[in-house]
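S.K.: got a structure for you, letters missing:
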């Protein structure tokens with residue numbers, strides 16, 4: 001998976017979660033790929049992409065390059081309290097909260113998308 005493929009897949013999956021704020025990742029059209037044995041690391045295209053493209057000794061070593069961490073100031077691996085992902089996950093059942101954090105998570109890749117990827121996404 002290339003960086004751009006990861007960014008596009010991330011944007012598409014999180015767009016589904018913005019559109020359907022009470023869904024979890026397993027409800028999206030990406031579920032089959034996310035959940036297979038050799039699927040996506042942490043069910044996250046950004047984790048998977050950095051895992052495949054970064055030399056590291058520890059999983060947290062590739063977090064500094066994550067677009068989500070760069071956008072929010074915190075990676076999902078740093079703490080389960082107060083990250084955008086944590087807020088999205090704990091906001092399940094509240095459409096407004098879930099949609100807010102799903103949108104933030106989705107949009108974290110926008111600065112990294114090439115013009116071709118933006119066009120493919122209809123942006």
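M.R.: Good, I have the coordinates. Computed from a prediction, not measured in an experiment: that's the story for all the values here.

S.K.: hey, which helix is longest across this protein?
M.R.: Counting by DSSP state H, the longest helix found in the chain is helix 3-19.

S.K.: immediately after the helix or strand bottoming out on mean pLDDT in the chain, which helix or strand?
M.R.: Least confident helix or strand of the chain, by mean pLDDT, DSSP states H and E, is helix 31-35 with a mean of 71. Where DSSP states H and E defines the elements, the next helix or strand beyond helix 31-35 is helix 45-53.

S.K.: what lies in contact with that next one?
M.R.: Outside helix 45-53, the residues that touch it by C-beta atoms under 8 Å, 6 or more residues apart in numbering are 1-3, 5-7, 9-10, 13, 40-42, 59, 62-63, 65-68, 76, 109. Heads up, the C-betas are built off the backbone N, CA and C, glycines and all.

S.K.: show me which of the residues you listed are buried.
M.R.: Neighbour-count burial (16 or more other C-beta atoms under 10 Å) applied to the contacts of helix 45-53 gives 3, 6-7, 9-10, 13, 40-41, 62-63, 66-68, 76, 109.

S.K.: ok, so of the residues you listed, who is nearest residue 28?
M.R.: Proximity of the buried ones among the contacts of helix 45-53 to residue 28 (C-beta to C-beta) peaks at residue 13, which lies at 5.2 Å.

S.K.: skipping its backbone neighbours, what lies nearest the closest one in space?
M.R.: Closest residue in space to residue 13, ignoring its immediate chain neighbours: residue 30 at 4.6 Å, by C-beta to C-beta, 6 or more residues apart in numbering.

S.K.: what's the answer for residue 4, then?
M.R.: Leaving aside its sequence neighbours, residue 4 sits nearest to residue 117 (C-beta to C-beta, 6+ apart; 5.0 Å).

S.K.: just to revisit the earlier point, just checking, the residue nearest to residue 13 touches residue 8?
M.R.: No: between residue 30 and residue 8 there is no contact, the gap being 11.4 Å when judged by C-beta atoms under 8 Å.
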